[in-house]
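Engineer: structure for this input, please:
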Amino acid sequence: MAFKTTMIHVAWIVVVLLAMPNPTQGIIGMNWGRVSAQRLLPTQVVDLLLQNGIKHARIYTSEVDMLQAFSGSEIHLTMSITDPTYFAASLPAAKGWVGWKKELFRDANARRVIVGETVFTKGLKDKSMLEKALKSLENVQTALDGGGLNDTKATFTHDIEVLKRDIRKPSEAEFEDAIKDEMVAFVRFLEAHDAPFLVNMFPISDTAWLNFDPSFAFPDNNSTHVVTDVDGAVYTNIFEFLYDSFVWALTKIGEPKTHVVVSQVGWPTDGYDGANATAAERFFKSLLPSVISNKGTPMRPGAPIDIYIHALADEPKMPLYKSSYPFTRHWGIYRSNGMPKYKIDVSGRGIDKYPTEVKGIMRMPQRWCLYNNARTDLTKVQEQFEIACRTADCTSMSPGGSCSRLTYSQNVSYAFNMMFQYYFQDENSCNFEGLGTISTDDPSTPECLFPVEVVKGQQLDYKPPVITPPTSFGTRLHHRPEYPIFLAVLLSLIMPTFIRD
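Structural biologist: Now for the predicted structure:
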């Protein structure tokens with residue numbers, strides 16, 4: 001009898017162990033921003049995350065309605081403070097902020113606070129700002145600890161630009177000299193508080209930044225570019241290359257065991273050559289199984305890697321003050337109307353399926369605003385086109401984008417319709433000084449979707465985010481050409497089509 005009882009106990013222990021999550025399995029989280037006219041409700045987003053089995057999420061704010069939506073969901077939440085210097089001058093102000101929201105933080109299971117985006121990248125040119133951001137970070141963590149939120153960690157995000165340029169192997173990576181002393185102090189702060197070092201990866205642009213073959217952006221071992229490093233390490237994709245580059249850089253400042261989390265990684269679906277749903281599906285189909293496989297990287301074999309997919313939904317109102325690429329607005333797995341764009345299994349098991357659709361979405365009538373083809377005053381047409389594209393999102397017409405091969409009339413119609421949908425089909429928004437007309441015939445082409453957006457929803461206490469120019473260091477944009485330059489390039493490409501249209 002004793003033997004039988006012992007065997008039952010052993011069997012039960014085995015069952016319990018098998019049911020437990022693998023402690024070394026990497027985490028797959030999801031980022032969500034709402035810089036969009038057609039905003040998903042926070043409650044819809046939380047429901048969507050839970051339906052897709054996502055237990056970790058990142059938001060780009062700490063607004064009350066967002067925290068309330070995550071309350072009780074058991075999702076581990078990372079939130080953000082937009083201005084990294086906001087609490088630099090006042091610990092009492094940081095304590096006041098924590099005191100005001102600490103119950104919300106607890107209820108929402110807030111685990112991290114990101115104090116500004118890519119602060120060290122901006123610090124390369126503004127050391128004063130960097131010093132203030134570091135003080136602000138310290139004050140926020142002190143306030144969290146003092147408020148009984150010891151498990152909530154303050155940190156920064158980092159991108160490839162904090163590493164020295166032109167590295168050809170991860171072992172060559174090290175932090176830029178201009179910020180190295182501050183980086184050492186920062187990483188020691190992280191270690192003292194058991195906080196992670198966060199890395200933002202954008203394979204489509206990071207690969208170009210390093211002048212590698214575009215195939216190196218995909219982690220499916222089909223790259224024509226292969227990197228061989230010390231101790232026989234081999235790299236066939238940008239993800240492992242960059243991850244180990246940061247590990248090497250951290251090692252060289254004496255912190256080889258720092259916990260590295262990939263806080264943003266994704267593939268855009270429009271606005272750039274190679275940015276499309278097919279490429280995004282290919283990218284995630286190989287990346288996500290790798291994350292949960294315990295494979296690790298050559299520098300950290302068998303170690304879990306935590307990533308956050310960027311992003312849940314498109315953000316068509318993301319400002320383009322100095323956007324590096326128009327694809328900034330097209331990171332979403334879902335369109336801003338809640339429809340999935342491509343197949344992705346966010347569990348990492350590699351199942352060939354679309355993610356769950358957003359529930360409770362109501363689309364507006366099947367109506368489009370089109371250019372009436374009046375050509376007596378092409379200057380006026382151009383002016384109205386510019387107004388439409390400055391107001392709404394025309395980045396799909398960028399070179400390489402899904403709508404980059406339209407005719408002159410189609411280009412103008414696309415711009416007019418985007419503004420019409422932006423204003424939720426308000427008929428006054430389809431005037432364009434007599435150049436616009438409303439149609440019920442879908443003008444979409446096989447490549448280019450002319451969207452019909454969703455019914456305007458109500459969001460309690462929501463205020464559109466005030467995203468200031470990059471001097472605030474609080475934006476999450478890729479900084480490259482001025483937006484007027486982008487618009488001028490776009491106009492130069494589409495206006496000549498009038499000749500052959």
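
Engineer: using CSV, write down the CA coordinates of stretch 57-75.
Structural biologist: Included here for stretch 57-75 are C-alpha records, laid out as CSV according to Å, rounded to 0.1, in the frame of the first residue of the first chain:
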residue,chain,number,x,y,z
ALA,A,57,1.8,44.2,-23.1
ARG,A,58,3.4,47.6,-23.5
ILE,A,59,1.5,50.9,-23.8
TYR,A,60,3.0,54.3,-24.6
THR,A,61,1.3,56.2,-21.8
SER,A,62,0.0,55.9,-18.3
GLU,A,63,-3.4,57.5,-18.8
VAL,A,64,-6.2,56.5,-16.4
ASP,A,65,-8.5,54.9,-19.0
MET,A,66,-5.7,52.6,-20.2
LEU,A,67,-4.8,51.5,-16.7
GLN,A,68,-8.4,50.9,-15.8
ALA,A,69,-8.9,48.7,-18.9
PHE,A,70,-5.9,46.5,-17.9
SER,A,71,-7.1,46.3,-14.3
GLY,A,72,-7.7,42.7,-13.2
SER,A,73,-6.6,41.3,-16.6
GLU,A,74,-3.4,39.7,-15.1
ILE,A,75,-1.5,41.0,-18.1
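
Engineer: and Trp32, how far is that from Gly266?
Structural biologist: Using Cβ to Cβ, to the nearest Å, Trp32 is found at 12 Å from Gly266. Bear in mind the C-beta positions are built from the backbone N, C-alpha and C, glycine included.

Engineer: what are the buried residues along stretch 224-243?
Structural biologist: Buried residues in stretch 224-243, counting neighbours by 16 or more other Cβ atoms under 10 Å, are found at 225, 227, 229, 233, 235-243.

Engineer: in contact with Val381, which residues?
Structural biologist: 371, 374-375, 412, 435 (Cβ atoms under 8 Å, 6 or more residues apart in numbering).

Engineer: tell me how far the host helix or strand of it is from the chain's mean position?
Structural biologist: For Val381, the host element (DSSP states H and E) is helix 378-391. Relative to its chain's centre, helix 378-391 lies at 30 Å (Cα atoms, centre = their mean, to the nearest Å).

Engineer: what of stretch 189-201?
Structural biologist: The chain centroid and the centroid of stretch 189-201 are separated by 19 Å under Cα atoms, centre = their mean.

Engineer: return the set of buried residues in that stretch.
Structural biologist: Going by neighbour count (16+ other Cβ under 10 Å), the buried part of stretch 189-201 is 189-190, 193, 195-201.

Engineer: for the residues you listed, which one is nearest Gln141?
Structural biologist: His193 (5.8 Å; Cβ to Cβ).

Engineer: hang on, the earlier thing: shared neighbours, Trp32 and Gly266?
Structural biologist: Shared contacts of Trp32 and Gly266, defined by Cβ under 8 Å, 6+ apart, comprise Ala311.

Engineer: what's the nearest residue to the residue nearest to the spatial centre of the chain if we skip its chain neighbours?
Structural biologist: Nearest to the centroid of the C-alpha atoms of the chain, with distances taken as Cα atoms, centre = their mean, sits His310, at 3.4 Å. Distances taken as Cβ to Cβ, 6 or more residues apart in numbering put Gly266 closest to His310, at 3.7 Å, once the chain neighbours are dropped.
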